[in-house]
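*Asks:* I would like to see how this sequence folds:
(one chain, ligands or ions: 2)
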Amino acid sequence: SLITENISKLAHQHPPPANHIYAYGTAGFRTKATVLDAVLFRVGIIAVFRSQKLDGKAVGVMVTASHNPESDNGVKLVDPHGDMLDPSWEAYATALANTPLDSFASYCTQLANTLKIDLSKKANIIIARDTRPSGDSLLASLKDGIHAVNNGSVQVEDYGLATTPALHYLVRATNSKGTNDEYGEPTINGYMDKMVNAFNGLVQGKPSIAPLKVDCANGIGAPYIHDLNSRLNRVDAPLTLEPVFDDTTAGIGKLNNGCGADHVKSKQQLPVGFSPTPNQRCASLDGDADRIVYYYNDQRGNFKLLDGDKIASLLSVFIIDLVDKAGLSDTANVGVVQTAYANGCSSKFINAQQVPIKCVPTGVKHLHHAAQQYSVGVYFEANGHGTVLFSDEFINLIKNTVPVMPAQQTALQQLIALSEVANQTVGDALSDLLLVEAILIQKQWGPAEWDGLYEDFPNRLVKVTVPDRTAFTTTDAERKLVTPADLQKEIDGHVSKYQDGRSFVRPSGTEDCVRVYAEAQTRGQADELAFKSTIVRL
Ligand code: NG1
Ligand code: ZN
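*Replies:* Numbers count the residues shown, from 1 in each chain. Ligands and ions are numbered 1, 2, ... in the order given. Reported below is the predicted structural model:
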């Protein structure tokens, strides 16, 4: 057919490198930018298929490698509701990426047949990228793929440079426009306005708090934080943002380099060359602004991290209190979703607030899915990726509850505002920042007061290269190894010697390594336990 010929012709302009195997993992395809050209072309095709399969609903494609080095890049697909690509389609994407050039076009038509996709249908693809220098040409390859299956009714909306969560928002807003549950105006302005207006409702008239230093990882977060700050100024909000590491000049190697959320969280250190004054509140975003961690130096100059677990704790305490004041504790269930990497002290703290915790395997889609089971589901990875999901039933409940007291009315209004600040599609550094700041403003708290909710167990995360990471399989939300046989027993043996000790080993879903995690009561013990788990015949 014409389309097969067209695909074949264009596919040959985007040949895959020899002997390279790709996998659509927890973060889509992600690797060195130099080997991604063919992948982007092919993702363009699968995006059109996905949209056609879903009656032309808009599907998103984000070109980013998040917190990875500037020379990496990646691509992930966003489903019409604004969430991650349906897992069954991850396999089709992987298969398409790995098909040899000569059989590629026929494989595409075969896949379309199997999936009963009508190639004459319309499709709508929304695309964006982060600030990486490779982004421009990869976006061009993506568009080539989209147009390879263009039947004349394939529509592409290119938002250029945008954050990952903004793209998720745009997809959901586009598809819900004109329906009963419109998500918001499908523009970047609409995205910002929705958050800022709701934030303003939460903090209006409250005394301002100290400015927040925001490390933008020299990425796409930088223009967004500048924009957010001017909007806050315009509405006279009690908050000012001071962006640092906001140089987005592409190709000079600054992105995520010595700064950003991943640097701060994994090194448990300040960005390089950054010296905040004692008790100054600071936050770091990652390269596509879907993660955020907070931190400060205490009076004695000790570095203190306020990671995803501390954010989840702050949020859940605040929300539980509001639900209580709204008189809905008996009808609504609030829950927290974490992964094995959540600090044991955070789990203890949250449990002590009578909030149930669910532990799920690493990967946003698992957290998001689990959080959807609650009226209000707070989910966070320790690394700072997370958000708060509000169920439709709960939103209806708070909108339809008639308050009998002013305090109840305020609580109901605040819950509605929170649901509008919180990105309902994916973890969002800007939205999370506004959620945290709204609570700190209401409580008039500095970072030390927030930190005082509980004290973390010292912990260590180590990367270990092994001959074959697929030999490592896990159970119990990745907290226990099933294979290699007997390894878990040895780890358990070590763990049992430490009070409050916890350690586990799991294969990474994004890098060719296994990760070893350990926590214990003291820094020395955590390091020792991590070391022992590392030498357990890995
Ligand atoms: P892997 O490589 O599977 O550990 C990492 C992060 C995840 C998640 C994904 C996707 C850690 C320990 N792991 O996964 O939390 O963010 O990348 O980006 O932080
Ligand atoms: Zn990211």
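*Asks:* so what's the residue nearest to Arg523 when sequence neighbours are not counted scoring on pLDDT?
*Replies:* Leaving aside its chain neighbours, Arg523 sits nearest to Pro458 (4.1 Å; criterion: C-beta to C-beta, 6 or more residues apart in numbering). For the C-beta atoms, the positions are set from N, CA and C on the backbone; glycine is no exception. What the model reports as pLDDT for Pro458 is 95.
*Asks:* is ligand 2 within reach of the host helix or strand of Leu367?
*Replies:* Per DSSP states H and E, Leu367 falls inside helix 364-371. No - legend: contact between helix 364-371 and ligand 2 by C-beta under 5 Å from the ion is lacking; minimum distance shown is 9.6 Å.
*Asks:* that helix: how far from the chain's middle?
*Replies:* Its chain's C-alpha centre and that of helix 364-371 lie 11 Å apart, by C-alpha atoms, centre = their mean, to the nearest Å.
*Asks:* got it, and stretch 491-506?
*Replies:* 29 Å.
*Asks:* how about it: buried residues?
*Replies:* Ile491, His494, Val495, Tyr498, Gly501, Arg502, Ser503, Phe504, Val505, Arg506 (16 or more other C-beta atoms under 10 Å).
*Asks:* wait, the third one sits on Lys489?
*Replies:* Just to be clear, that refers to Val495. No - using C-beta atoms under 8 Å, Val495 makes no contact with Lys489, being 10.7 Å away.
*Asks:* what residues are up against the residue nearest to Arg523?
*Replies:* Glu519, Ala520, Gln521, Thr522, Arg523, Gln525, Ala526, Asp527 (C-beta atoms under 8 Å, 6 or more residues apart in numbering).
*Asks:* next: Asn256.
*Replies:* Asn256 neighbours (C-beta under 8 Å, 6+ apart): His67, Asn68, Pro69, Glu70, Ala217, Asn218, Gly219, Asp262, His263, Asp286, Gly287.
*Asks:* where does whatever residue of the chain ends up closest to ligand 2 sit: helix, strand or coil?
*Replies:* At 3.1 Å from ligand 2, Ser66 is the closest residue in the chain, using C-beta to the ion. Under DSSP: H, G, I helix; E, B strand; the rest coil, Ser66 falls in the coil class.
*Asks:* can you report how many residues lie near it?
*Replies:* 28 (other C-beta atoms under 10 Å).
*Asks:* that one touches Asp290, doesn't it?
*Replies:* Yes - using C-beta under 8 Å, Ser66 is in contact with Asp290, at 7.1 Å.
*Asks:* what do these two both touch?
*Replies:* Both Ser66 and Asp290 are in contact with Thr164, where contact means C-beta under 8 Å, 6+ apart.
*Asks:* ok so, going back, which elements pack onto the helix holding Leu367?
*Replies:* strand 334-338, strand 376-380, strand 386-390 (3 or more C-beta pairs under 8 Å, 6 or more residues apart in numbering; DSSP states H and E).
*Asks:* hmm, try it at 10 Å
*Replies:* If contacts are counted by 3 or more C-beta pairs under 10 Å, 6 or more residues apart in numbering; DSSP states H and E, helix 364-371 sits against helix 87-98, strand 334-338, strand 357-359, strand 376-380, strand 386-390.
*Asks:* next, see if stretch 253-270 gets close to ligand 1.
*Replies:* No - under the criterion of C-beta under 6 Å from any ligand atom, ligand 1 is not reached by stretch 253-270; the shortest gap measures 7.5 Å.
*Asks:* what's the span of that stretch, first residue to last?
*Replies:* Terminal residues of stretch 253-270 are spaced 19 Å apart (C-alpha to C-alpha, to the nearest Å).
*Asks:* got the buried residues for that stretch?
*Replies:* In stretch 253-270, counting by 16+ other C-beta under 10 Å, buried: 254-265, 268, 270.
*Asks:* next: stretch 205-222.
*Replies:* Within stretch 205-222, the residues that count as buried by 16+ other C-beta under 10 Å are Ile209, Leu212, Lys213, Val214, Asp215, Cys216, Ala217, Asn218, Gly219, Ile220, Gly221, Ala222.
*Asks:* ok, which residues in this protein are in contact with ligand 1?
*Replies:* 26-27, 66, 341, 362, 381, 383, 385, 508-511, 515.
*Asks:* most neighbours among the residues you listed, which one is it?
*Replies:* Most surrounded of the residues of the chain next to ligand 1: other C-beta under 10 Å gives Ser66, at 28 neighbours.
*Asks:* that residue touches Asp288, doesn't it?
*Replies:* Yes - look at Ser66 against Asp288 with C-beta atoms under 10 Å: they come within range, at 4.9 Å.
*Asks:* shared neighbours of these two, anything?
*Replies:* Common contact partners of Ser66 and Asp288 (C-beta atoms under 10 Å, 6 or more residues apart in numbering): Gly74, Lys76, Asp130, Thr164, Ala217, Gly219, Asn256.
*Asks:* and this structure, what are its domains?
*Replies:* Here the domain parsing of the chain from automatic domain parsing is 2-161, 188-303, 308-451, 459-534.
*Asks:* ok, which of those domains comes nearest Ala173?
*Replies:* The closest of these to Ala173 is domain 188-303. By C-beta to C-beta, the value is 6.4 Å.
*Asks:* distance between the ends of that closest one?
*Replies:* 35 Å.
*Asks:* picking that back up, wait, which of the helices and strands packed on helix 364-371 is closest to Asn229?
*Replies:* Of the helices and strands packed on helix 364-371, nearest to Asn229 by C-beta to C-beta is strand 386-390, at 21.3 Å.
*Asks:* pull the helix or strand following that closest one out as PDB, backbone CA atoms only.
*Replies:* The helix or strand immediately downstream of strand 386-390 is helix 392-400, counting by DSSP H and E. In PDB, the C-alpha atoms belonging to helix 392-400 read as follows (Å, rounded to 0.1, in the frame of the first residue of the first chain):
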ATOM      1  CA  ASP A 392     -13.900  12.000  41.200                       C
ATOM      2  CA  GLU A 393     -16.200  10.800  44.000                       C
ATOM      3  CA  PHE A 394     -14.300  12.800  46.600                       C
ATOM      4  CA  ILE A 395     -14.300  15.900  44.400                       C
ATOM      5  CA  ASN A 396     -18.100  15.600  44.100                       C
ATOM      6  CA  LEU A 397     -18.400  15.000  47.800                       C
ATOM      7  CA  ILE A 398     -16.400  18.200  48.800                       C
ATOM      8  CA  LYS A 399     -18.200  20.300  46.200                       C
ATOM      9  CA  ASN A 400     -21.600  19.100  47.400                       C
END
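*Asks:* show me where the stretch 251-400 of the chain has its helices.
*Replies:* Using DSSP state H, counting those that start in this stretch, the helices of the stretch 251-400 of the chain run over 261-267, 308-325, 344-352, 364-371, 392-400.
*Asks:* residues in contact with the fourth one?
*Replies:* This points to helix 364-371. The contact list for helix 364-371 (C-beta under 10 Å, 6+ apart) reads 26-27, 83-87, 90, 290, 335-339, 358-361, 363, 377-381, 385-391, 424-427, 477-478.
*Asks:* CA atoms of it as CSV?
*Replies:* The C-alpha coordinates for helix 364-371 follow below in CSV (Å, rounded to 0.1, in the frame of the first residue of the first chain):
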residue,chain,number,x,y,z
VAL,A,364,5.6,6.1,38.6
LYS,A,365,2.9,4.1,36.9
HIS,A,366,2.7,1.7,39.9
LEU,A,367,2.5,4.6,42.4
HIS,A,368,0.0,6.5,40.4
HIS,A,369,-2.2,3.4,39.9
ALA,A,370,-2.2,2.6,43.6
ALA,A,371,-2.9,6.2,44.6
